[in-house]
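Asks: generate a structure from the sequence data that follows.
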Amino acid sequence: MSFEYFISILKPMLTGAQMTLLLFFITIVVSVPLGFVVMLAQKSAFKPLSWLAHTFVYVMRGTPLLLQLIVVCFGLPVLPGIGEYLVLDRFTAASIAFILNYAAYFAEIFRGGVLAIDKGQYEAARVLGLNKFQTLIKIVIPQMFRIALPSLANESITLMKDTALIYAVAVPELLHYAQTAVNRDLNFFPFVVAGAIYLLLTAILTFIFKLLERKFSFE
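Replies: Next up is the predicted model:
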């Protein structure tokens, strides 16, 4: 395998990796706070809101992400009456599907983190005269984040790998360029290069989360 061939397939795959990273960062930046909001809605005393949040999480976690991608990309535009207003470019539609899906998973991670906090913490907050908002900001969120961090790391790594699914809705990401090279050259090597790039990205992500876990474990 010549070095020139390696460079020729690497350049387009790095272009695809930019799309992969863009989808990853958009999903993380939006779905993490949205997941937190959904978690709060699940715990709301207003039953219709709580039911709606639980239903959202159940549907998003109970159906395949690939199916959700297909529905958002191809299903919404054919809805009677409103479909014409829901026609989105493929990347935007894929981003919406990923955000909704991962918001549901992050909501469950955050809910688990909140449930792991000792109830005595809430009693201590009341003794100190903290209201519900102050308790949430000063007591709940810091401990919840520390508890949930390993699960957040695992889910983020899964997200990095799941970005390959947008290949199924014709968004040109890393796997798309690898498949194109394989079909053109009848050579399996581009898939090896794509796998190496995914491994590098997940290794960097794992390193970042290890640093975060080390930082919060000593606070």
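Asks: shouldn't residue 162 be in contact with residue 97?
Replies: No: the criterion here is C-beta atoms under 8 Å, and residue 162 misses it with residue 97 at 10.5 Å. Any C-beta I mention is one placed from the backbone N, CA and C, and that applies to glycine too.
Asks: which one is residue 126 nearest to, not counting chain neighbours?
Replies: In space, and not counting its chain neighbours, residue 126 is closest to residue 135: 7.9 Å by C-beta to C-beta, 6 or more residues apart in numbering.
Asks: coming back round to it: what touches both of residue 162 and residue 97?
Replies: Common neighbours of residue 162 and residue 97 (criterion: C-beta atoms under 8 Å, 6 or more residues apart in numbering): residue 65.
Asks: which of those two has more neighbours?
Replies: Neighbour tally, residue 162 and residue 97, criterion other C-beta atoms under 10 Å: the higher count belongs to residue 97, 24 against 19.
Asks: for the more buried one, give me its contacts.
Replies: 65, 68, 69, 71, 72, 73.
Asks: for ChimeraX, write the selection for the buried entries among the residues you listed.
Replies: To isolate the buried members of the contacts of residue 97 in ChimeraX, using 16 or more other C-beta atoms under 10 Å:
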select :65,68,69,72,73
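Asks: can you flag which of the contacts of residue 97 belong to helices?
Replies: 65, 68, 69 (DSSP state H).
Asks: surely the last one and residue 167 touch.
Replies: By that I understand residue 69. No: at 10.2 Å, residue 69 does not count as touching residue 167 under the criterion of C-beta under 8 Å.
Asks: residue ranges with poor pLDDT in this protein?
Replies: Scanning the chain with the threshold set as pLDDT under 70 gives 1, 217-219.
Asks: and the residue nearest the centre of this structure?
Replies: residue 102 (4.3 Å; C-alpha atoms, centre = their mean).
Asks: roughly how far does that one sit from residue 89?
Replies: Counting by C-beta to C-beta, to the nearest Å, the gap between residue 102 and residue 89 amounts to 20 Å.
Asks: longest helix anywhere in the protein?
Replies: Per DSSP H, the chain has its longest helix at helix 3-42.
Asks: how far off centre is it?
Replies: Centroid displacement of helix 3-42 relative to its chain, using C-alpha atoms, centre = their mean, to the nearest Å, is 9 Å.
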